[in-house]
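J.: Coordinates only, no sequence provided:
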């Protein structure tokens, strides 16, 4: 019977050891599951939304319109040139010199500011159109961004052309003084 009792004790100890091993294994699995990073329920798209390109396209078109219609800076520059021309022109100067000093320089200042706005509109529009070539491969630019950027480029070209014509006197040049 002593042998029987030892066998039963060993069997009980073996069963207890197996349960302990099983428990350890299940505890390890639980620890692994807890330590694993949880996946977020909603993943955000990390790609850019194109807001910057859209804003640049709108800015390009707006600058193109400003180049055609005139700007506050152009008006102030023309008024300043008008005043400078009045101060620097002597009373005895010829009429053509007075016209050029008072009105011609002011007209050219307006043309320069219009040309500057047109040039900026042109550059911003071209950069906006070229931007996808340097961005994420496969990302397509929204059609409205392309359209508005092309409008900015076109207005910039027209504004630049008109500014050159105004500055050189081909378009609405000063009247001759006799």
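T.: That came through fine. All values reported here derive from a predicted model rather than from experimental measurement. Numbering: from 1, shown residues only.
J.: Please count neighbours and contacts with C-alpha atoms only from this point.
T.: Fine.
J.: quick one: low-confidence parts of this structure?
T.: 1-48, 178 (pLDDT under 70).
J.: Closest to the centroid, which residue in it?
T.: residue 52 (3.5 Å; CA atoms, centre = their mean).
J.: Would you tell me what helix or strand it is located in?
T.: helix 51-69 (DSSP states H and E).
J.: so what does that helix touch, helix or strand wise?
T.: helix 105-130, helix 143-168 (3 or more CA pairs under 8 Å, 6 or more residues apart in numbering; DSSP states H and E).
J.: by how many degrees do that helix and helix 105-130 diverge?
T.: 150 degrees (axes from the mean of the first three to the mean of the last three CA atoms, to 10 degrees).
J.: now the following helix or strand past helix 51-69 against helix 105-130, angle please.
T.: With elements assigned by DSSP H and E, the helix or strand that comes after helix 51-69 is helix 72-88. Using the same axes, to 10 degrees, the direction of helix 72-88 lies 160 degrees away from that of helix 105-130.
J.: Counting neighbours, which bits of the following helix or strand past helix 72-88 end up buried?
T.: Moving toward the C-terminus from helix 72-88, the next helix or strand (DSSP H and E) is helix 95-99. Neighbour counts over helix 95-99 (16 or more other CA atoms under 10 Å) mark 98-99 as buried.
J.: Show residues contacting helix 95-99.
T.: Residues from elsewhere that reach helix 95-99, judged by CA atoms under 8 Å, 6 or more residues apart in numbering: 85-86, 89, 174, 176-177.
J.: Mark which of those are buried, thanks.
T.: 85-86, 89.
J.: Out of these, the closest to residue 138 would be?
T.: residue 85 (57.1 Å; CA to CA).
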